[in-house]
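Chemist: quick one, structure for this:
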Amino acid sequence: MMAILENGSDRSSVKVLGVAVTWWSPSGVTWLDERMTDWSALTDACGPAEHVAGLLDRFEADPSSVWSEVMDHLCPQLDTAFPASYAALPRLAEIAIACSAEDLAWVLLAAGAIAACSPGLSKPGSPQMVYSAPIRVLHRLTDRHLSRAVEAGEYVNLLQTQGCVVFALWPV
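Modeler: All right, here's what the predicted structure looks like:
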């Protein structure tokens, strides 16, 4: 799977929290290619993150059932993120674009928690800068989904997510 990123040239890489992430650019549009992410070089809450790609596959198939496991690995207690967490943002944006309306809230809650944990707002190489395009996609999807939320709990959770994603985009 691939996600749109801004910046870039023909083929580039950047370090995110000390780990090289590679992307390529056909016709000036830059895509982060998750298949090129060396998950074994990244860490999550439990250590090496080579299992994260498979975890995200399972999350895509059934977000509500796998959400807790995703958060245990990528953003425990909703307040700590890891290099694998940030590397998962483009995939989470893709899942959010493709999933049903009933599953969207789960994906947005996961991505919002991760985005809110990013250090070094707007600094070159920070997760907000490297993953700004998927974060913007998630922001737009959260904004749209807020108007469709019918349950009070879901609405409050989405408002919190929207605040986290907006915070991640805020220039400092």
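
Chemist: is it true that residue 67 touches residue 113?
Modeler: No. When contacts are counted by CB atoms under 8 Å, residue 67 is not listed as touching residue 113 (10.5 Å). From N, CA and C alone the C-beta is placed, and that goes for glycine too.

Chemist: of these two, who's got more company?
Modeler: Taking other CB atoms under 10 Å, residue 67 and residue 113 do not tie; residue 113 has more neighbours (24 against 17).

Chemist: name the SS class of the more buried one, please.
Modeler: Local secondary structure at residue 113 is given as helix here, using DSSP: H, G, I helix; E, B strand; the rest coil.

Chemist: and it, how far from residue 124?
Modeler: Distance, residue 113 to residue 124, by CB to CB, to the nearest Å: 24 Å.

Chemist: pLDDT value on residue 35, please?
Modeler: At residue 35, the model reports a pLDDT of 52.

Chemist: correction: residue 128
Modeler: pLDDT recorded at residue 128 is 79.

Chemist: kindly report the same for residue 30.
Modeler: Looking at residue 30, its pLDDT stands at 44.

Chemist: repeat that for residue 12.
Modeler: What the model reports for residue 12 is a pLDDT of 46.

Chemist: over to residue 117?
Modeler: According to the prediction, residue 117 has pLDDT 83.

Chemist: just the buried positions in the host helix or strand of residue 90, please.
Modeler: Here residue 90 is covered by helix 89-98, with elements defined by DSSP states H and E. Buried positions in helix 89-98, judged by neighbour count with 16 or more other CB atoms under 10 Å: 89-96.

Chemist: need these in CSV with pLDDT and distance to residue 44, can you?
Modeler: Shown next, in CSV, are the buried residues of helix 89-98 (pLDDT from 0 to 100; distance: CB to CB, whole Å):
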residue, pLDDT, distance to residue 44
89, 93, 13
90, 93, 16
91, 94, 13
92, 95, 14
93, 93, 18
94, 93, 19
95, 95, 17
96, 93, 20
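
Chemist: turn the residues you listed into TSV, including distance to residue 129.
Modeler: As requested, the buried residues of helix 89-98 are exported to TSV (distance: CB to CB, whole Å):
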residue	distance to residue 129
89	12
90	14
91	18
92	17
93	16
94	20
95	22
96	20
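
Chemist: so where does residue 119 fall, helix or strand?
Modeler: For residue 119, there is no helix or strand it lies in under DSSP H and E.

Chemist: could you pull out the strands in this structure for me?
Modeler: Using DSSP state E, the strands found in the chain span residues 2-5, 11-16, 19-24, 30-33, 43-44, 47-48.

Chemist: now do residue 81, the pLDDT please.
Modeler: With respect to pLDDT, residue 81 scores 92.
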